[in-house]
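Participant: here is my input, please return the structure:
(one chain, ligands or ions: 2)
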Amino acid sequence: MKDLRQSIHGEWGSRWAFILAATGSAVGLGNIWRFPYVVGEYGGGAFILIYLACILAIGIPVMMAEILIGRRGRQSPINTMRALPAEFGAGRWWQILGWLGVIAGFLVLSFYSVVAGWSLAYVPYTAAGTFTGTETSQVEAIFNDLLASPWQMLFWHTVFMGATAFIVLRGVQNGLERAVRLLMPILFLLLLVMVGYGMGAGAFVEAMDFMFSPDFSAIGGDAVLVAMGQAFFTLSLGLGAIMAYGSYLSKRSSIPGNSGLIAGADTVIALLAGLAIFPIVLAAGLDPDSGPGLVFVTLSYGFGQMPLGALFGTLFFLLLSFAALTSAISIMEPATAYLVETRGWKRPKAAAAVAAAAWLVGIGSLLAFNVWAGFTIAGLNFQELAEYLSTSVMLPLGGLLMALFAGWVLPRSVTTEELALPDWVYRGWLVLVRFVVPAAILVVFANSLGLLG
Ligand code: PFF
Ligand code: NA
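Facilitator: Ligands and ions are numbered 1, 2, ... in the order given. Sure thing, here's the model as predicted:
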């Protein structure tokens, strides 16, 4: 029997609208800011290998599960995780999955918007030629000055959340789709320019060696947890963003095909970002292990050295901010759709409320870089705690629950119909979501808690 229910929020205009929106969600700061900095922190090649294994064996099957749950439920993640368990005789506690995602969303947004604010701040910096011909120490000083200035960061954080809210409340589907279609390829080309620059002027061979020759002796339990968390974060999984987008997906669109395309595009962009950044890092004697500032310092130094750097740099940080915007929109979607459904609010009001709440939580993250730097729990400040809890704990936990729900609660008749795969591929997916994904996530959790010796 065909299920012809539609979401009250409408449906994507075409298969491409979903792919573009979901790719817009996936490709963002996770690829260009976070991927290189965690690779640098956790030592390079071995970390990347574990990350790629997580994308393939955990990320893609969970993405299929998340989209199909969304399309079957046709509501916001919270209400989908109420309706589907009721329909298939499972417990009411499954709705925790929806709430977990909303909470994780606020935590992610709190630092996401601050970092996107850095990217916005770098647009006028690069345009003014601030970095042209400067030494690395001076480029680092400019970044540290930004971190030390809560008012400047508050300004850019506010501009970013304001722009995000504006787009969501205008109900953008069309404009956004066209913009993603145009701007993503330009961002891709700019990354290629930077990789080309690194090949000519940077330490490209050393960078290839750093990224692709694995040294597993440097890998501890925490590195594996961070690699797995990064796989979830970069693919926008475990939070309900992709579930919400899936709930607007037409029945005729292929879930496995879409998942493969989105994950493929995301992985290419992350690897290119690494290939753009590490040749400059290694040639300029910068420290790969320098944390969240790595990309801002490295790339602005690179733009300062290369021909037409001010132009490329301005364009780059503008496009990076836009890529962050299309991701932030998706992070807001579960909470926004929930308010529309349960409170009967109009979309603009719901979006404004979610953005305002996220803006407030974000102030905690931006103060963690200066005024509140001394307030720590287990050695982590507010921003580090928000980042660690959301990406390394809550997203994998959300993904674990989604895999279990799709694998064990939804009847096979439903999942076969949704996925429409050849039988042997379907069986492979089922084995992954039933056994492999849950076991892998639990083992990684246990390992990083030190429970496995
Ligand atoms: N995938 C986004 C990135 O890589 O920047 C971040 C993100 C978006 C995480 C949406 C989680 C999410 F639900
Ligand atoms: Na990503």
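Participant: what's the helix or strand where Met228 lies packed up against?
Facilitator: Take DSSP states H and E as the rule and Met228 turns out to sit in helix 221-234. With contacts taken as 3 or more C-beta pairs under 8 Å, 6 or more residues apart in numbering; DSSP states H and E, helix 221-234 sits against helix 35-41, helix 45-54, helix 395-404, helix 437-448. The C-beta positions use only the backbone N, C-alpha and C, and glycine is treated the same way.
Participant: take these and write them to CSV, including mean neighbour count.
Facilitator: Listed next are the helices and strands packed on helix 221-234 as CSV, based on neighbours: other C-beta atoms under 10 Å:
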stretch, mean neighbour count
helix 35-41, 23
helix 45-54, 21
helix 395-404, 25
helix 437-448, 18
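Participant: right, and the ones you listed - which one's nearest ligand 2?
Facilitator: Nearest to ligand 2, of all these, is helix 35-41, at 7.6 Å by C-beta to the ion.
Participant: does ligand 1 sit close to that closest one?
Facilitator: No: applying C-beta under 6 Å from any ligand atom, one finds helix 35-41 out of contact with ligand 1, separated by at least 8.0 Å.
Participant: and the gap between Pro61 and ligand 2?
Facilitator: Pro61 is 17 Å from ligand 2, where distance means C-beta to the ion, to the nearest Å.
Participant: test my guess that that residue contacts Trp429.
Facilitator: Yes: the pair Pro61 / Trp429 is scored as a contact, 5.6 Å apart, by C-beta atoms under 8 Å.
Participant: these two: which is more packed in?
Facilitator: Pro61 (26 against 21; other C-beta atoms under 10 Å).
Participant: and the more buried one, what pLDDT?
Facilitator: Here the pLDDT value assigned to Pro61 is 98.
Participant: what's the closest non-adjacent residue to it?
Facilitator: Leaving aside its chain neighbours, Pro61 sits nearest to Leu432 (4.2 Å; criterion: C-beta to C-beta, 6 or more residues apart in numbering).
Participant: quick check: mean pLDDT of the helix or strand encompassing Ala357?
Facilitator: Following DSSP H and E, one finds Ala357 within helix 347-367. The pLDDT scores in helix 347-367 average 95.
Participant: tell me which residues are up against the next helix or strand along the chain from it.
Facilitator: Later in the chain than helix 347-367, the nearest helix or strand by DSSP H and E is helix 382-387. By C-beta atoms under 8 Å, 6 or more residues apart in numbering, the list of residues contacting helix 382-387 from outside reads 107-108, 110-111, 114, 361, 364-369, 372, 375, 377-378.
Participant: just stretch 370-379 next, same as before
Facilitator: Leu147, Ala148, Ser149, Pro150, Met153, Gly364, Ala368, Asn381, Phe382, Leu385.
Participant: which among the residues you listed end up buried?
Facilitator: By neighbour count, with 16 or more other C-beta atoms under 10 Å, those hold Leu147, Pro150, Met153, Gly364, Ala368, Asn381, Phe382, Leu385 as buried.
Participant: tell me if I'm right that Gly399 and Gly240 touch.
Facilitator: No: in terms of C-beta under 8 Å, Gly399 does not count as a neighbour of Gly240; the distance is 10.9 Å.
Participant: and for the two, which residues touch both?
Facilitator: The contact lists of Gly399 and Gly240 share Glu66, where a contact means C-beta under 8 Å, 6+ apart.
Participant: just give me the neighbour total for Gly129.
Facilitator: With other C-beta under 10 Å as criterion, Gly129 counts 16.
Participant: equivalent analysis for the one 4 residues further on, please.
Facilitator: Neighbours of Gly133 under the rule other C-beta under 10 Å: 9.
Participant: Phe303 is in contact with that one, correct?
Facilitator: No: with contact defined as C-beta under 8 Å, Gly133 does not reach Phe303; the gap is 10.8 Å.
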